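Colleague: Quick one: sequence and predicted model below, then my questions.
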Amino acid sequence: MKATRNRVPGATLSLASNDPDENPFTVTLSGTGLMAQEAWRLQYFLTLGNTGNAADGADPDGDGHVNLFEYVAGLVPNNAGSRFLLWVEAVEGEPGRKVVIFSPVLVGRMYVVKSKGSLADADWVELGSSTTSDNGTERAVTDSGAGTGARFYRVEITKP
């Protein structure tokens with residue numbers, strides 16, 4: 001699917017004026033808006049194009065995250081210190097329960113924690129039994145159904 005720019009068909013702006021020949025003073029407006037990802041590229045790479053360092057698959061800061069991921073996650077693509085962090089901790093005193101912690105969590109994005117018992121399993125499954133708590137830009141999701149075996153986690157991020 002190819003994104004297209006938002007085209008504004010035109011509008012007029014009327015301003016009150018003390019000039020009797022031009023009251024109101026009218027200005028014709030028109031323009032072309034940018035798609036969100038184009039605006040992001042322009043902010044960080046001074047280009048609209050999906051090429052060079054601004055390409056979706058590029059990793060100009062060498063942090064292991066390609067630009068498309070950094071855009072969706074809300075990271076700074078030319079700053080290696082801007083990273084999405086994820087770790088798993090055991091819940092003290094509750095064998096089999098794990099907490100998946102990740103950051104940053106930003107407004108305007110959706111986060112879904114999924115898991116599977118083996119990397120050989122075909123599908124990642126959304127956690128069925130969990131609780132979530134946020135602390136600033138950090139989110140902790142407690143997996144109540146982790147059991148005692150191995151468990152692998154991932155976080156899917158979408159930017160609607």
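Modeller: Good, I have the coordinates. Numbering: from 1, shown residues only.
Colleague: mind listing the helices for the chain?
Modeller: 36-45, 67-73 (DSSP state H).
Colleague: In a markdown table, list the ones you listed along with distance to residue 110, mean pLDDT and mean neighbour count.
Modeller: All C-beta spots, glycine's among them, are computed from the backbone N, C-alpha and C. Formatted as a markdown table, the helices of the chain follow (distance: least, Cβ to Cβ, whole Å; pLDDT from 0 to 100; neighbours: other Cβ atoms under 10 Å):
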| stretch | distance to residue 110 | mean pLDDT | mean neighbour count |
| --- | --- | --- | --- |
| helix 36-45 | 15 | 96 | 16 |
| helix 67-73 | 10 | 97 | 19 |
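Colleague: Quick one: those helices as a markdown table, columns for distance to residue 138 too.
Modeller: Shown next, in a markdown table, are those (distance: least, Cβ to Cβ, whole Å):
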| stretch | distance to residue 138 |
| --- | --- |
| helix 36-45 | 23 |
| helix 67-73 | 14 |
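Colleague: Got the confidence number for the closest residue in space to residue 87 that isn't next to it in sequence?
Modeller: In space, and not counting its chain neighbours, residue 87 is closest to residue 101: 5.5 Å by Cβ to Cβ, 6 or more residues apart in numbering. Residue 101 carries a pLDDT value of 98.
Colleague: repeat for residue 129
Modeller: At residue 129, pLDDT is 84.
Colleague: That one: neighbouring residues, count only.
Modeller: Residues near residue 129, counting by other Cβ atoms under 10 Å, number 9.
Colleague: same thing with residue 76?
Modeller: Around residue 76 there are 14 other residues, counting by other Cβ under 10 Å.
Colleague: List the residues that contact the closest residue to it other than its chain neighbours.
Modeller: In space, not counting the residues next to it along the chain, residue 76 is nearest to residue 82; the distance is 3.8 Å by Cβ to Cβ, 6+ apart. Neighbour list for residue 82: 61, 63, 70, 75-76 [criterion: Cβ atoms under 8 Å, 6 or more residues apart in numbering].
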